[in-house]
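Q: build me a model from this:
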Amino acid sequence: MDQSRQRIQKRGEPPTCPFCQQKIARPGAVELTEIDGPPAQHQGGRCACGALFLLDATGREGGQLLMDGLAALCGGDVDQALSLRADEDYALSSVGYNPRMHTTVPQTRGRSFGQPKLWFFKLLSP
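A: Now for the predicted structure:
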């Protein structure tokens, strides 16, 4: 996503959607279609603008959440999800997150591995 359009979130602020800047609710249980198995329970939700957000509580599940999030955007159609192109078909953003306080945490270079994150997904074209 174009960095000039994305608002930088400050430490300790409630998280907001990077696409519409509205505050988001605490992540709750969402069921998504797994790429290679039955539906999986994740923590996340939807923003009022339609963006999907997922919680990576360990900071190490980004790849799996990326695939599950894209499949969810495509209604569970894995083949369509794999054909999506970043910044053309969908926008992706992440922010460091403190799940206990429901606040943002700045991601610092080299220190974000293992830090909880919220991943945001939004289709750019219908």
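
Q: name the helices or strands packed onto the helix or strand of the chain with the lowest mean pLDDT?
A: Across the helices and strands of the chain, mean confidence by mean pLDDT, DSSP states H and E is lowest for strand 28-32: a mean of 86. Secondary-structure packing of strand 28-32 (3 or more Cβ pairs under 8 Å, 6 or more residues apart in numbering; DSSP states H and E): strand 40-46, helix 62-73. The way it works is simple: take the backbone N, C-alpha and C, and place the C-beta from them, glycine included.

Q: pick the most buried one from these.
A: Neighbour counts (mean count of other Cβ atoms under 10 Å) averaged over each of the helices and strands packed on strand 28-32 peak at helix 62-73, with a mean of 20.

Q: tell me the mean pLDDT over whichever helix or strand comes after that helix?
A: On the C-terminal side of helix 62-73, the nearest following helix or strand under DSSP states H and E is helix 78-83. Rounded to a whole number, the mean pLDDT of helix 78-83 is 91.

Q: ok, the helix or strand hosting residue 122: who's next to it in the sheet?
A: Here residue 122 sits within strand 117-123, counting by DSSP H and E. Strand pairing for strand 117-123, using DSSP bridges, gives strand 52-56 (antiparallel), strand 90-98 (antiparallel).

Q: rebuild the ones you listed as CSV, extending it with distance to residue 83.
A: Shown next, in CSV, are the strands paired with strand 117-123 (distance: least, Cβ to Cβ, whole Å):
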stretch, distance to residue 83
strand 52-56, 18
strand 90-98, 11
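
Q: isn't residue 98 up against residue 115?
A: No: the pair residue 98 / residue 115 is not scored as a contact, 9.2 Å apart, by Cβ atoms under 8 Å.

Q: identify the contacts common to those two.
A: Contact criterion Cβ atoms under 8 Å, 6 or more residues apart in numbering; residues bridging residue 98 and residue 115 by contacting each: residue 105.
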